[in-house]
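> Please find the sequence and the predicted model below.
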Amino acid sequence: MKRPMINVAEAKAHLPELIERAAAGEEIILARAGKARARLVPLAAERPRLRVPGKGKGRFRMHADFDAALPATLLRLFEGKT
């Protein structure tokens, strides 16, 4: 299938229509003085990234005191006491 080549001046006048055609999957070549200068193509569909269970296994380690009580001075700051 031949891709349509459209002059930039004409494209300015019909831009909304050209955007809809590109969004529908058509590839449109924009030309200036008969030479191809740019291409109007549809955006790639965004795929949701799937989480892979266990991908980070062994990459992270918690300190032994991870769940230890906070020091009294730091705890007072969290509670808004000075």
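Nice, I can see it.

> Quick check: the gap between the residue most central in space within the chain and residue 25.
Closest residue to the average C-alpha location of the chain: residue 46 at 7.7 Å, with C-alpha atoms, centre = their mean. According to C-beta to C-beta, to the nearest Å, residue 46 and residue 25 sit 16 Å apart. Heads up, the C-betas are built off the backbone N, CA and C, glycines and all.

> for residue 69, what are its contacts?
Residue 69 is in contact with residue 75, counting by C-beta atoms under 8 Å, 6 or more residues apart in numbering.

> what about it, distance to residue 61?
Taken as C-beta to C-beta, the span from residue 69 to residue 61 is 21 Å.

> now residue 70
21 Å.

> Also residue 37?
On the measure of C-beta to C-beta, residue 37 and residue 61 end up 55 Å apart.

> Check residue 50 too.
Plainly put, residue 50 is 26 Å away from residue 61 if you go by C-beta to C-beta.

> How about residue 26?
Between residue 26 and residue 61 the distance is 53 Å, computed by C-beta to C-beta.

> Also residue 13?
Counting by C-beta to C-beta - residue 13 and residue 61 are separated by 63 Å.

> who has more neighbours, those two?
A direct count of neighbours by other C-beta atoms under 10 Å for residue 13 and residue 61 places residue 13 higher, at 10 against 7.

> Check for me that residue 77 belongs to a strand.
No. Counting by DSSP: H, G, I helix; E, B strand; the rest coil, residue 77 is not part of a strand but helix.

> List of residues touching the longest helix along the chain?
Identified as the longest helix of the chain according to DSSP state H is helix 15-23. For helix 15-23, contacts defined as C-beta under 8 Å, 6+ apart pick out 6, 11, 28, 40, 41, 42, 43.

> burial of the last one, as a residue count?
Under the neighbour criterion other C-beta under 10 Å, residue 43 is assigned a count of 7.

> who's in contact with residue 37?
So residue 37 contacts 8, 30, 31 (C-beta under 8 Å, 6+ apart).

> most surrounded residue in those?
When neighbours are taken as other C-beta under 10 Å, the top entry among the contacts of residue 37 is residue 30 (18 neighbours).
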